[in-house]
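Q: sequence and predicted structure, then a few things I'm wondering about:
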Amino acid sequence: MNSKDIAKIAGVSRSTVSRVINNYPNVPPETKEKVLKVIKEYNYVPHASARMLRGKRSETIGIVIVDLKRDIHKIYDNVYFGPFTTAVIDFANQLGYKVLVITVYKVKDYKKVREVFYNKTIDGAIFIGIKNDDPDIKDLIEAGFKIAVVDQEIRDDEEDPFNKSIIVNMDNVNGAYEATKYLIGLGHTEIAHITGDMEKLSGFARLEGYKKALKEAGIPFKSRLVVKGDFVEESGYKAAYKLFKKAKPTAIFASNDQMAIGAMQALEEMGYKVPEDVSIIGFDDITISRYLKPALTTMSASLLQMAELAVVNLIKSIEEELGITAKFVVPVKLVERESCKRLNISKEKEDTEYAISMRR
């Protein structure tokens, strides 16, 4: 479908459709409403050609927070989205740009995202919370819009639409590898993993890093020690209960701090002490982690740096009218606190030998 088809359905001229798309002021409100209704109904995405992009910029970028699996109110409790959004607003303001915050709770909500691109309310957008290979974002990129995405797989495939966007990631694989390696260095071999959302890069990449560390250390991977979570505290809480019904690991690597906190609560209820009985390490280094009792050992990456990379490169792409295809991986570092303990190998051996003798 093209603008000619839209014009025919709406009963207007093709030039009127163009004026609506480009948000010209000389279009009667009722005509504009009629054309936009047809555009929405037929899911029409105008190609962002040079003709379309011509004209004054809005000097506004969007930050699109995608949270398809939550109740609406849960997004305000998210300790990851909040700091990142604040940082985006701050960096954009410093560069003379305003920020429009848009939330997507259901797939149909992407219509409002397309609309703010169509009418040039925004010049570009940063997407956070997306699942890997999100088809709706692919469509926007292929339409020629300026897009930055956080937590998206980087591939060598030149045909991948995301190669036409700005991608900013944490070093998920190496961060998870270092977290698991740290526990192995403390003498742990029965190390459980609570995964994140496996539709997201950070979910499956951190599982990959966990497996990599085990393999390197010669520790067999055990599927019973892996329990699925989805990056929220409640899922970590439920995962810990599920885990300890079938196994007794001496350590847990949770794919983010929120799930680690949920797991710590469950462990306390089950009568286990952290780190005396079970060591636990998280990922993200959210503010509350340092104030827990015991304070949470975690892997830290700078959300400020990620926000700055996304904002600066997106605005550069807008102002220089370039199709910037930048790929960034922000390093992750270990923050040692109080939630992990070196395993007393000799005591463990004594306990094992005693248990064996009791069975004879």
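A: Yep, it's here.
Q: what ranges does the stretch 101-250 of the chain have for its strands?
A: With strands called from DSSP state E, counting those that start in this stretch, the stretch 101-250 of the chain shows them at 124-128, 146-150, 166-170, 191-195, 226-228.
Q: using a markdown table, lay out the ones you listed together with mean pLDDT and distance to residue 338.
A: Yep, even glycine has a C-beta here, placed from its N, CA and C like the rest. Below are those laid out as a markdown table (pLDDT from 0 to 100; distance: least, Cβ to Cβ, whole Å):
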| stretch | mean pLDDT | distance to residue 338 |
| --- | --- | --- |
| strand 124-128 | 97 | 30 |
| strand 146-150 | 96 | 30 |
| strand 166-170 | 97 | 24 |
| strand 191-195 | 98 | 18 |
| strand 226-228 | 98 | 24 |
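Q: for residue 180, which of the ones you listed is the nearest?
A: Distance to residue 180, taken as Cβ to Cβ, is lowest for strand 191-195 among the strands of the stretch 101-250 of the chain, at 6.2 Å.
Q: what lines up beside that closest one in the sheet?
A: If you go by DSSP bridges, strand 191-195 pairs up with strand 226-228 (parallel), strand 251-254 (parallel).
Q: select, out of those, the one closest to residue 166.
A: strand 251-254 (29.1 Å).
Q: immediately after that closest one, which helix or strand?
A: Next along the chain after strand 251-254, taking DSSP states H and E as the criterion, comes helix 257-269.
Q: just want the angle from that following helix to strand 191-195.
A: 130 degrees (axes from the mean of the first three to the mean of the last three Cα atoms, to 10 degrees).
Q: contacts for helix 257-269 next, please.
A: Contacts of helix 257-269 with the rest of the structure, by Cβ atoms under 8 Å, 6 or more residues apart in numbering, involve 79-80, 194, 196, 229, 231-241, 244, 252, 254, 273-274, 277-278, 280-286, 288-289, 292, 296, 298, 339.
Q: which among the residues you listed count as buried?
A: 79-80, 194, 196, 229, 231-233, 235-240, 244, 252, 254, 274, 278, 280-286, 289, 292, 296, 298, 339 (16 or more other Cβ atoms under 10 Å).
Q: now intersect the residues you listed with the helices, please.
A: 233, 235-240, 244 (DSSP state H).
Q: output those as a markdown table; include the columns pLDDT and distance to residue 159.
A: Output for those, formatted as a markdown table (pLDDT from 0 to 100; distance: Cβ to Cβ, whole Å):
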| residue | pLDDT | distance to residue 159 |
| --- | --- | --- |
| 233 | 94 | 39 |
| 235 | 96 | 35 |
| 236 | 97 | 38 |
| 237 | 98 | 42 |
| 238 | 98 | 40 |
| 239 | 98 | 37 |
| 240 | 98 | 42 |
| 244 | 97 | 46 |
